[in-house]
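Participant: all I have is the shape, not the residue letters:
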């Protein structure tokens, strides 16, 4: 089972992701956060396999939260979610420590594939 935390400031996005990912037998949502600060507080307790992190949020955005998470607990893996699908944004996400990048405009199969691919890498590493 792949455990996930969803981090997005928009309740409708969190709900949509939760509903879609709940249909997958190999995935479980273990927590949700509305900003990077809340995410950092909960991730250490929940210990998810993968964090789905929105790029743009108030209080602490996804880039800052990913950097902080990578410096605190390097083994956590973040897939950055954003409406901005361009090379500059991808580069910034990668530099922050994101292991994956998925546009919010992409088909849901892209996100599912990214989650499973990253989870497979984590299992192969153990």
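Facilitator: In hand now; what should we look at? Note that the structure is predicted; figures quoted are calculated from it, not measured.
Participant: my guess is residue 59 contacts residue 40. True?
Facilitator: No: the pair residue 59 and residue 40 does not pass the contact test of CB atoms under 8 Å, sitting 10.8 Å apart. No exception for glycine: its C-beta is placed from N, CA and C like everyone else's.
Participant: other residues contacting stretch 64-71?
Facilitator: Contacting residues not belonging to stretch 64-71 are listed as 7, 35-37, 39-40, 43, 51, 53, 57, 60, 76, 78, 80, 93, 96-98 [CB atoms under 8 Å, 6 or more residues apart in numbering].
Participant: just checking, what packs against the longest helix anywhere in the chain?
Facilitator: The residue-count maximum for a helix in the chain (DSSP state H) belongs to helix 108-125. Applying 3 or more CB pairs under 8 Å, 6 or more residues apart in numbering; DSSP states H and E, one finds that helix 108-125 makes contact with strand 2-7, strand 50-54, strand 77-82, strand 100-103.
Participant: neighbouring strands - and their directions - for the shortest one?
Facilitator: Here strand 100-103 has these sheet partners by DSSP bridges: strand 77-82 (parallel).
Participant: tilt between the partner strand and helix 108-125?
Facilitator: Going by axes from the mean of the first three to the mean of the last three CA atoms, to 10 degrees, strand 77-82 is angled at 160 degrees with respect to helix 108-125.
Participant: list the buried residues in the helix or strand just after strand 77-82.
Facilitator: Per DSSP states H and E, strand 77-82 leads on to helix 87-96 as the next helix or strand towards the C-terminus. Using 16 or more other CB atoms under 10 Å as the test for burial, helix 87-96 gives 89, 90, 92, 93, 96.
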